[in-house]
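Asker: curious how this folds, go ahead:
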Amino acid sequence: MEQPAGGTCLPDGGADQVQLAEWETVVDHLDEFCQGGKFTVTDDRVICEFPNAKVVVTRDGTVETGMPLHAFERDGVETLLFDHDRGELTVAIDGDGGRLRYTFHRP
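Answerer: Coordinates of the predicted model:
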């Protein structure tokens with residue numbers, strides 16, 4: 001499958017780093033990531049729903065995920081990492097509060 005335009009390929013060659021400020025590129029990557037799921041887009045959010053899980057990303061930097069017995073929510077996200085071959089979406093935050101890495105695996 002053709003890789004969405006934009007983003008930066010990381011040195012390991014597996015993931016694309018995309019800034020939320022590049023909203024159309026984020027939407028394109030989420031559309032590809034949502035293979036096999038229901039993809040919904042509005043002006044300010046993208047929802048990817050699978051039978052037992054979902055991912056919501058908003059233009060203002062909120063990422064929410066949910067699946068049985070597990071949920072994640074974080075505001076202030078600026079960068080997402082997409083590894084389409086492995087079916088992974090990673091939230092990566094480095095800041096004053098420390099470092100956070102959260103990876104959602106496509107079911």
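Asker: now Val27: phi and psi?
Answerer: phi -60, psi -40 (degrees, to the nearest 10).
Asker: neighbours of it, how many?
Answerer: 18 (other CB atoms under 10 Å). From N, CA and C alone the C-beta is placed, and that goes for glycine too.
Asker: repeat that for Val56.
Answerer: As a burial measure, Val56 scores 17 neighbours (other CB under 10 Å).
Asker: where's the closest residue to it other than its chain neighbours, which helix or strand?
Answerer: Leaving aside its chain neighbours, Val56 sits nearest to Glu64 (4.3 Å; criterion: CB to CB, 6 or more residues apart in numbering). Counting by DSSP states H and E, the element that carries Glu64 is strand 63-67.
Asker: following that strand, which helix or strand comes up?
Answerer: Using DSSP H and E, the helix or strand that follows strand 63-67 in sequence is strand 70-74.
Asker: and the strand holding Glu64, what does it pack against?
Answerer: Judged by 3 or more CB pairs under 8 Å, 6 or more residues apart in numbering; DSSP states H and E, strand 63-67 is in contact with strand 53-58, strand 70-74.
Asker: of those, flag the one that's most buried.
Answerer: strand 53-58 (a mean of 20; mean count of other CB atoms under 10 Å).
Asker: report the angle between that strand and strand 63-67.
Answerer: 170 degrees (axes from the mean of the first three to the mean of the last three CA atoms, to 10 degrees).
Asker: quick one: low-confidence ranges for the protein?
Answerer: Within the chain, the segments meeting pLDDT under 70 span 1-13.
Asker: tell me where it has strands.
Answerer: Assigned by DSSP state E, the strands in the chain fall at 8-9, 16-19, 38-41, 45-50, 53-58, 63-67, 70-74, 79-83, 88-95, 98-105.
Asker: and the third one, what does it pack against?
Answerer: Contacts defined by 3+ CB pairs under 8 Å, 6+ apart place strand 38-41 against helix 23-33, strand 45-50.
Asker: what sits against Asp94?
Answerer: Going by CB atoms under 8 Å, 6 or more residues apart in numbering, Asp94 touches Leu100.
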